[in-house]
Every structure is written in C-alpha cells, then in structure tokens.
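Engineer: Model the structure of this input:
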Amino acid sequence: MKKTVIAMLALVAFAGTALAAGPEVLEFKASMGKVTFPHKMHQEMLKSCKKCHEKGPGKIEGFGKDWAHKTCKGCHSEMKKGPTSCKDCHKK
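Structural biologist: Residues are numbered from 1 along each chain as shown. This is a model prediction of the structure:
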C-alpha cells in the first residue's frame, strides 16, 4: 500500500511538471499573418517562466498585440536576439 501511494505521488508530480512545460510551438492568428512562437526554445533559453508568465503558469494575463509587441519585441531588442521586424514574426 505504501509503495502504491508513493508511486502515485511521483506520477502526479511528474505529470504536473510535464503539463507545466506546455506545447513546444504555439501559433497565433494575427491581422498581419500567423505568428509562430517556439515555446520550448524560449523556456530553455530564458530558464525562468516569470519573464512572460508573471502570475504563474498558464495563459498570460493581458496577452495580445500590444503586450506581445512591448514584451517580445522589447526582450528581443534588449538581448539582441530574435526577430524585431514585422515580417520576421508575421508570416502570410
């Protein structure tokens, strides 16, 4: 019985970690064309989810065009990595 409980707790903990990782690539429809976001690559590069997910895992509060342009483009400019022009993110 004790081993079963420990195994179930380990399974729940592992499943939570796997779900927190999220999808590898996200796609967003935008008026200027589809934006593809390599989520897993950003996770590995930034190491901290707080850069985008200030309030914890899950959907980003306030996410939209203005948020993305300020946060994503701002980070790319600051780090001197990643796309910063319209056509680099928005694919027709």
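Engineer: Do I have it right that F37 meets A30?
Structural biologist: No: here F37 does not reach A30: they are 11.2 Å apart, not a contact under CB atoms under 8 Å. The way it works is simple: take the backbone N, C-alpha and C, and place the C-beta from them, glycine included.
Engineer: Where does the prediction get shaky in this structure?
Structural biologist: Residue ranges of the chain with pLDDT under 70: 1-22.
Engineer: so where do the strands sit in this protein?
Structural biologist: 26-28, 34-37, 90-91 (DSSP state E).
Engineer: right, so of those, which gets closest to H76?
Structural biologist: For H76, the closest of these is strand 34-37, at 12.0 Å, according to CB to CB.
Engineer: So what touches the closest one?
Structural biologist: With CB atoms under 8 Å, 6 or more residues apart in numbering as the test, strand 34-37 has contacts from V25, L26, E27, F28, A68, C89, H90, K91, K92.
Engineer: Can you tell me which of those residues are buried?
Structural biologist: Buried subset of the contacts of strand 34-37 (neighbour count, 16 or more other CB atoms under 10 Å): A68, C89, H90.
Engineer: Look up how far L46 lies from E78.
Structural biologist: From E78 across to L46, the span is 12 Å (CB to CB, to the nearest Å).
Engineer: whoops, E27 was the one
Structural biologist: E27 sits at a distance of 20 Å from L46 (criterion: CB to CB).
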